[in-house]
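Engineer: Build the 3D model from these lines:
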Amino acid sequence: MLVIQNNGQTTVVSGWRAWLLLAGLVIGSIAGLILAAFFLVGAALIIGILLLVAIPVGVALSLYSRWRGQRAYVEPSTRLPPYENR
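Structural biologist: Residues are numbered from 1 along each chain as shown. The predicted model follows:
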């Protein structure tokens with residue numbers, strides 16, 4: 001038996017209608033959980049694949065730049081002016 005109160009009005013659902021309503025709620029809840037799990041597994045796979053690609057590429061680029069002897073350098077004209085006490 002289900003008792004639903006809405007704006008002071010009470011509705012009682014019993015018998016096979018209550019079972020049908022509860023079965024629909026359970027199936028809907030399970031479907032929502034499966035959908036959420038599907039999206040979370042997909043996001044985890046995408047992040048994992050990106051990390052599996054990005055980390056080796058970053059290591060390879062850093063080793064290549066070290067091998068070539070390149071350093072990060074900022075031209076003097078683009079540097080910020082020295083801080084002055086005012």
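
Engineer: So which residues of this protein form helices?
Structural biologist: 16-68 (DSSP state H).

Engineer: can you list the weak-confidence ranges in it?
Structural biologist: Scanning the chain for pLDDT under 70 picks out 70-86.

Engineer: What count of nearby residues applies to Leu21?
Structural biologist: When neighbours are defined as other C-beta atoms under 10 Å, Leu21 has 13 of them. (Glycine included, C-beta is placed from N, CA and C.)

Engineer: Roughly how far does it sit from Leu35?
Structural biologist: Distance, Leu21 to Leu35, using C-beta to C-beta, to the nearest Å: 21 Å.

Engineer: cool, and Ile27?
Structural biologist: Using C-beta to C-beta, Ile27 is found at 13 Å from Leu35.

Engineer: same thing with Arg66?
Structural biologist: From Arg66 across to Leu35, the span is 47 Å (C-beta to C-beta).

Engineer: can you check Arg68 too?
Structural biologist: Arg68 sits 49 Å away from Leu35, going by C-beta to C-beta.

Engineer: Repeat that for Leu51.
Structural biologist: 25 Å.

Engineer: same deal with Leu52?
Structural biologist: Distance, Leu52 to Leu35, by C-beta to C-beta: 26 Å.

Engineer: Ok, Val26 next?
Structural biologist: The value you get for Val26 to Leu35, if C-beta to C-beta is used, is 15 Å.

Engineer: count of neighbours near Leu2?
Structural biologist: Using other C-beta under 10 Å, Leu2 is surrounded by 13 other residues.

Engineer: Cross-check the contact I'm expecting between it and Gly24.
Structural biologist: No. Under the criterion of C-beta atoms under 8 Å, Leu2 is not in contact with Gly24, lying 11.8 Å apart.
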